[in-house]
Structures are given as structure tokens and as C-alpha cells.
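Student: need a 3D model of the sequence below.
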Amino acid sequence: MGDDVVSVSVDDDRVRITFDDPETYNAIPLAGYETITRTIEGLADDPPSVVTIRGEGGHFSAGGAMGEVSELVESKPLEIVELYEAYHACLEALESLDAPIVAALEGYCLGGGLELALACDVIVATREAQLGHPETDHGLIPDIGGPLKLPGIIGEGMTKYLVMTGRFIDGERAHELGLVHELAEPGEPFEELVAGIEADLADRPTYAVGLAKRQVHSVRPPNLDRAMEQSVHYQIALYEEEETVRRLQEFAD
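Tutor: I've put the predicted structure just below:
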């Protein structure tokens, strides 16, 4: 199941979604987000015991497909809004599923990849994983939830550091900050860590885990959805900036 970029497999009531484009460090195009949305929405009536999202080739995801992003400088505002609505629908599907979702991070977990991981419930990582928001390098900002959700996890100051400088932190530092929940121990195969988390979650009644997830989400700031919408308008404005256009063209070239 899946498409050319995202594959989906089911094994004993466990679902695995895998980014499968190692040549681009698993950059996620719009079609990839749509595949995840369809997959998760298709599980809603009969949630699995656990869903795991990870990447092939030693990387989780370097973020959105920059080829698509660079084309947005020539798009009309409503076209950009429509695109971001699809991104947001993917994250909303992940957060609404009454089942635990694990993000298993190796290598790069950047930009939209990090924002997608933040929509999951449990994040595990290798010590060498690289997490960050490099969007300002291109004259853009994170626009699908990173700056809105990170302050509640790592604090306002650290969020500004990551978002404004574009610098990365490794898995060990992310674990110290509480962004990563469990870290592979030295010499521990990452597969063992992921399998252990999956087994622990699958061993519990899915209905109880799902309701616990709803309970946690119920105390989120009431303006989160509005802030997500506002991020799109900020991004539309940035696509009009000559410096942003130049940086995106240089990156695409």
C-alpha cells in the first residue's frame, strides 16, 4: 500500500508508515501527506494497536519536498492555502486517531518532518539523529505547527533558538529537552528500541490509550487552530519577498 514516496504495511494489528525516498533524505511531497491522511482516516473506525512512522535509508525526513515549495512563489494565494490545508489535514488525522502513533527518528528530522513527528504521540530516536527547523535559511518559516507546539515542550527560548537560527540539535540533546521521549542506548540496536515501544503500546487496550490521548489534547491552548491558520498567511507573505524567491531558486538549482 502507499505510493512512490510513502509505503504502508500492516502486521498483526500494527501499522507501519515508511517514507521511502532515501535519495532526497525522505523529503515529503504533497502526495506523501495525502497518502498518510488517507491511511490514518481509513483506520479511524477500527484503530490498530499501534502506528509507527519512520524513514528508509537511515533518515526520518528532511522535510517537505523543496521542489514543490519553490514553485509556490508563482502560485496564487488561494492555491497556497489549498496546499497547506492538505498538510494540516494530515497532522489533524494523526492527532485525532484513537491509537498511539510512534515517530522513530534516525538521521535528519527537519522542517515539515519534525512538525509531522510532533503530531505523533511518542518520539524515539538515535543519539545521532538531527532535529531542526532550517526554514529561515530559505526566507521562510515553519508553517505546520512547529513554533506553536514546541514552546510547550522545550520552552519559548529554545524554540526561538531552533526556529530563528535554523541550527540542529542531536537526539541526545532533544532527549534532554523532553522533545524525544526515549533514546537508544549506546550499542542498543534502534530496531530493538522501536520494537519495545511498539510492544508496550500494543499490550494496552487501544480504547483506553485513545481516550488518554483525547484527554491530553483537551487541555491544549484554544487558539492553536487559529494560530495554524495564521501561519499560512505569514507564509504567503514571505513567498512575495524577493529575497525568499532568490533563496528558493538557488536551493532548487
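Student: and the helices in the stretch 1-150 of the chain?
Tutor: Assigned by DSSP state H, counting those that start in this stretch, the helices in the stretch 1-150 of the chain fall at 30-42, 66-71, 77-96, 112-118, 146-149.
Student: out of these, deepest packed?
Tutor: helix 112-118 (a mean of 27; mean count of other Cβ atoms under 10 Å). (Glycine included, C-beta is placed from N, CA and C.)
Student: list the helices and strands that one packs on?
Tutor: helix 77-96, strand 101-105, helix 146-149 (3 or more Cβ pairs under 8 Å, 6 or more residues apart in numbering; DSSP states H and E).
Student: hey, least reliable of those by pLDDT?
Tutor: When mean pLDDT is averaged over each of these, helix 77-96 scores lowest at a mean of 90.
Student: mind giving me the packing neighbours of that helix?
Tutor: helix 30-42, helix 112-118, helix 224-238.
Student: for the last one, which residues meet the burial criterion?
Tutor: Meaning helix 224-238. By neighbour count on 16 or more other Cβ atoms under 10 Å, the buried set for helix 224-238 is Met228, Ser231, Val232, Gln235, Ile236, Leu238.
Student: for the second one, give me its contacts.
Tutor: Under the criterion of Cβ atoms under 8 Å, 6 or more residues apart in numbering, the neighbours of Ser231 are Ile141, Pro142, Asp143, Ile144, Gly145, Pro147, Leu148.
Student: any idea how far Ala208 is from the closest residue to Thr136 other than its chain neighbours?
Tutor: In space, Thr136 comes closest to Gly166 once its chain neighbours are excluded; the distance is 5.1 Å by Cβ to Cβ, 6 or more residues apart in numbering. Per Cβ to Cβ, to the nearest Å, Gly166 is found 40 Å from Ala208.
Student: so which of these two has more stuff around it?
Tutor: Higher neighbour count among Gly166 and Ala208: Gly166, with 16 against 10, using other Cβ atoms under 10 Å.
Student: so, low pLDDT: which residues of the stretch 1-150 of the chain?
Tutor: Applying pLDDT under 70 to the stretch 1-150 of the chain picks out residues 1-3.
Student: repeat the analysis, applying 50 as the threshold.
Tutor: 2 (pLDDT under 50).
Student: follow-up on the earlier one: of the buried residues of helix 224-238, closest to Ile123?
Tutor: Ile123 has its nearest neighbour among the buried residues of helix 224-238 in Met228, at 19.9 Å by Cβ to Cβ.
Student: cool, thanks, talk later.
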